[in-house]
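> Structure of the sequence below:
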Amino acid sequence: MTGRRHPRSGLGDFSVLAAWLLRSFRDTLAPMAERDLVSSTDAARTLGVSTATIKRWADAGVLPSIRTAGRHRRFDPHALEDFRRRQGGGRTQSWVGELLAVDDVRRMEALLLQQRATSGSWWKVADALDVAMLELRARWRAGTVMLLDLRLAQERLQRALAHLAEWIPQRADAPRALLALAEGESRMLPLSLVELCLREAGWNTLWLGAGVPMSVVARAGHTQRLDMIVVAASETGRAEPLAAQAALLGRACRLQHLQLVLVGRGAWPQHPPHGRTLRSCAEVHTHLTS
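Numbers count the residues shown, from 1 in each chain. Sure, this is the predicted structure:
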């Protein structure tokens, strides 16, 4: 009939109105939520690096970020400042140059000891090294650093870290941590950095390294006096196999009353059934001292 509307047409108009109000509400909230965040350009200026470096760090999870509706990255200024302090005021570019320039293990050890004296702790040095090596590998992938130079820098740093860890005195009755790489991993550096943090915190370390099946690592507590098992994976570690390894280790550590710590940039479960996933040496330090 003329002048009358179908009973459901009002509901249709209400749905359109509700959808419009929801969009308006969301669009109003978005800039409010992002008001205190900064762009990649501002983040690069704060840390003294290029925007390309900021992108690589964000992609690798070094710097936490969010995406806007337009897919632009935004960063928390407080997180940037904390990152800058942990890197010694943004020395990443300087670190990269020094890692390439120092051509002797003893000189590398001297450089690391100097940085330890300046920063006041090994975990701060370790986090700075981790970021510098990430940047160095990114430059190799971009073709600006030769593979030979990258491998030599990694080897010198690895040997220097091992020597320095051995020099830190330990008590015979100190807690003991077993260190291993995840299956399929060959990059030792994440484990070496964590070992330095453990030794500084008063832990004894037993080094298994690479190539040991997780089934062997999981049974280690039956034959060794252990308090913790630490397993590292680099950014190449994939989520599915790492989740399976974390589950196997978690069950074994729970039964043996051992701590389990999963470290490195691998795709470990964020909240494993047993143990902790720690993404930086700062988090390792907090875990050890809390």
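
> low pLDDT regions in the stretch 101-250 of the chain?
Low-confidence regions of the stretch 101-250 of the chain, defined here as pLDDT under 70, do not occur.

> For R106, give its distance to D149.
Computed as C-beta to C-beta, to the nearest Å, the R106 to D149 distance reads 19 Å. The C-beta positions use only the backbone N, C-alpha and C, and glycine is treated the same way.

> Next: P190.
Applying C-beta to C-beta to P190 and D149 gives a distance of 21 Å.

> for A172, same thing?
A172 is 42 Å from D149, by C-beta to C-beta.

> ok, those two, which is more surrounded?
Neighbours per residue (other C-beta atoms under 10 Å) separate A172 from D149, with D149 holding more: 14 against 5.

> show me the contacts for that one.
Going by C-beta atoms under 8 Å, 6 or more residues apart in numbering, D149 touches L100.

> So it, which state does it fall into?
Using DSSP: H, G, I helix; E, B strand; the rest coil, the structure places D149 in helix.

> Kindly report the same for T205.
T205 - assigned by three-state DSSP - is strand.

> which residues sit in contact with it?
A165, R176, A177, L178, L179, E195, L198, R199.

> go on, P175?
By C-beta under 8 Å, 6+ apart, the neighbours of P175 are G202, W203, N204, D227, M228.

> Wait, the second one touches T289, no?
No: in this structure W203 lies outside contact range of T289 using C-beta atoms under 8 Å: 11.4 Å.

> Looking at these two, which one has more neighbours?
Between W203 and T289, counted using other C-beta under 10 Å, the more crowded position is W203 (20 against 9).

> can you pull the contacts of the more buried one?
Here W203 is in contact with Q170, A174, P175, R176, A177, D227, M228, L288 (C-beta under 8 Å, 6+ apart).

> Taking these, please make a PyMOL selection of just the buried ones.
Applying 16 or more other C-beta atoms under 10 Å to those, the buried members can be selected in PyMOL as follows:
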select buried, resi 170+174+175+176+177+228+288
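
> could the contacts of W203 be laid out in TSV, adding secondary structure and distance to Q93?
Rendered in TSV, the data for the contacts of W203 read as follows (DSSP: H, G, I helix; E, B strand; the rest coil; distance: C-beta to C-beta, whole Å):
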residue	secondary structure	distance to Q93
Q170	coil	35
A174	coil	37
P175	coil	37
R176	strand	38
A177	strand	33
D227	coil	39
M228	strand	35
L288	helix	30
